[in-house]
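Chemist: need a 3D model of the following:
(chains A and B)
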Amino acid sequence: MNAVDLQNLSYAYGGVRAVEDVTLPVRAGEVVAVLGPNGAGKSTTLLMLLGLLPPRTGTVRLFGREPSAAAAAGLVGAMPQAGGLLPRSTVGDLLRFLHDVYPHPMPIAEALDLADLTGLAGRTVERLSGGQAQRLRFAMAVIGRPDLLVLDEPTAALDVEARRDFWTAMRAYAGQGRTVLFSTHYLEEADDNADRIVVLDRGRVIADGTAADVKRRVAVRTVSVTSLDADYAALPGVVTVAERAGRTVLTSTDADATVLALASAGLLRDLEVVGAGLEEAYLALTRLEA
Amino acid sequence: MLPYIRLELRRLIRTPGLLIFTVLMPLLSYVLFTNINTVTGQDKSVAAVYTMVSMAGYGAIGGLLNYASGLVIDRSVGWLRQLRLTPLPPVKVVLGKGLAAMAAGLPPVLALCLAAVFINGVRLDAWRWLAIVPLLWVGALPFALLGLGLGYLATSQTAQPLNLLVYLGLSILGGLWLPLSIMPSWVAAIGRLLPTHAYADMSWRVAFGGAPSLGDVVTLLVWLVAFTGLAIFGYRRSVRRIAVL
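Modeler: A predicted model of the protein is given here:
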């Protein structure tokens, strides 16, 4: 039985389609990154997955049950991007409460330690720094030892060092055989921390595979040369062609092949090859799909 | 549900402003009203008992209403949404919040009764005290449900003014500030139908030698049902909107 089964999920805010026909099975024990730029539908998909937003069409099953039934059984832990902390409560109060409502929790001290919050148990949530608050959200999500852990852009508010510590803690938890689903818009985070990457763009799944697969597909380069009269789009590896100030700018999924083809066709003029940003990579991927 | 009540009670302790508002203010009003100029126009011993009940009730209602309607904050920070992902059933969250709010009603009741005895020398039979304290405390339950209803229906902007309007409106019209007997008869007629009046009148009757009237009990129960309905309506509405907090 899959830990997560999303079947043909769709959602629209007003007339704007946020999620379109997303089907996503996740096996128990997998660590899956949902990768996509802002507005790709990541948060909407996760909200529907958790049962907090009823899908317009499609079904969600967590461990074969409705999301609310899975939550009631203590199988789900989730970390929101922001909020979710009860005002005027302390770190210790919140963890104690969650410890008491989940059926098989870890000791409070273990959760504090895992999230690097030891010594902060008596602090009220108002007095936590952004990074500490985020670590508390993580501790609250894992203290019940849920079989499925869902993290919505968990490192958005963290600095570089805090990010590294966070992923170390997440991998420690995932290493106990738990299923983890997290969203991010950093390819590198997905690559470093997930077994599998699902790329969402404009509400659709445009790539789904191992980190290496997807990374290869989104490892797009920009190749530019002084424009000549030629059919650049027909060159191997080329995904998009644009004209900028007398130069032809190509995005390519196989820069080596593109450059070799340019050379053999005699089109090499002031060659420039640079690694494309993730936005270009998404763009390239969506063009490939179209 | 016990873990939730404990969590809320520990928050309540960290809300000292509420104690000032619900204990200190009624207490000061009580001492002033009964020692400077008795509001009932009757002698001081009557005023000392009468106003003890009104001010204890005023404080207790304030505590319950205020604490329960603080739910609007829990909603707006996404706490209730977070709770929906835990094994704690939503109905227990609501009940737990309401029961914790009840705790906010006890300090004013105890403070005013103690002030009556030790400052104004009020003496009542032991059984009357044993009836009045629970009547003032537990009898305020409908206001916890009213607070929950407001907490679900209001937004974080409208909650405070709405709360104050309902609180002062019900308290003044229900005769907690000035006795209904000195108000215009049409105001008094409305006042007698309000939950605040039925609630305080039960204790007034016990304090002055009688027993709670059936009319008061029925009135309060009708309001209890109405406020429970309001809380359930608000809860359902909020669950439908919970994802777009």
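Chemist: and the pLDDT at A:Leu285?
Modeler: On pLDDT, A:Leu285 comes in at 65.
Chemist: where do the helices of chain B begin and end?
Modeler: In chain B, the helices defined using DSSP state H lie at B:2-13, B:16-19, B:25-35, B:44-69, B:71-76, B:79-83, B:90-103, B:106-118, B:126-138, B:141-153, B:159-173, B:185-191, B:195-207, B:214-241.
Chemist: the ones you listed into CSV, with extra columns for mean neighbour count, mean pLDDT and distance to A:Ala82?
Modeler: (Glycine included, C-beta is placed from N, CA and C.) As requested, the helices of chain B are arranged in CSV below (neighbours: other Cβ atoms under 10 Å in any protein chain shown; pLDDT from 0 to 100; distance: least, Cβ to Cβ, whole Å):
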stretch, mean neighbour count, mean pLDDT, distance to A:Ala82
helix B:2-13, 18, 93, 20
helix B:16-19, 13, 87, 26
helix B:25-35, 18, 90, 36
helix B:44-69, 26, 93, 24
helix B:71-76, 21, 90, 12
helix B:79-83, 22, 90, 11
helix B:90-103, 19, 88, 21
helix B:106-118, 20, 96, 35
helix B:126-138, 17, 95, 39
helix B:141-153, 26, 95, 21
helix B:159-173, 17, 95, 21
helix B:185-191, 13, 94, 46
helix B:195-207, 24, 96, 39
helix B:214-241, 16, 90, 18
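Chemist: which one of those lies closest to A:Phe166?
Modeler: helix B:79-83 (18.8 Å; Cβ to Cβ).
Chemist: run the chain-centre distance for that closest one.
Modeler: Here the centre of helix B:79-83 is set off from its chain's centre by 26 Å, with Cα atoms, centre = their mean, to the nearest Å.
Chemist: ok, and what's touching it?
Modeler: Identification of contacts with helix B:79-83 by Cβ atoms under 8 Å, 6 or more residues apart in numbering or on different chains yields A:52, A:78, A:80, A:83-86, A:140, B:71, B:74, B:90, B:93, B:238, B:242-243, B:245.
Chemist: if we go to 6 Å?
Modeler: For helix B:79-83, contacts defined as Cβ atoms under 6 Å, 6 or more residues apart in numbering or on different chains pick out A:84, A:86, B:74, B:93, B:242.
Chemist: keeping just the C-alphas, turn it into CSV.
Modeler: Provided in CSV are the C-alpha atoms of helix B:79-83 (Å, rounded to 0.1, in the frame of the first residue of the first chain):
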residue,chain,number,x,y,z
TRP,B,79,-3.2,26.9,15.0
LEU,B,80,-6.6,25.3,14.5
ARG,B,81,-5.5,24.2,11.0
GLN,B,82,-2.4,22.6,12.5
LEU,B,83,-4.6,20.8,15.1
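Chemist: nearest residue to the residue nearest the centre of chain B other than its sequence neighbours?
Modeler: With distances taken as Cα atoms, centre = their mean, B:Ile61 lies nearest the centre of chain B, 1.6 Å away. Once flanking residues are discounted, B:Ile61 sits nearest to B:Phe143: 4.8 Å by Cβ to Cβ, 6 or more residues apart in numbering or on different chains.
Chemist: in contact with A:Ala255, which residues?
Modeler: Going by Cβ under 6 Å, 6+ apart, A:Ala255 touches A:221, A:223, A:273.
Chemist: lowest-confidence one in these?
Modeler: Minimum pLDDT for these is recorded at A:Arg221 (81).
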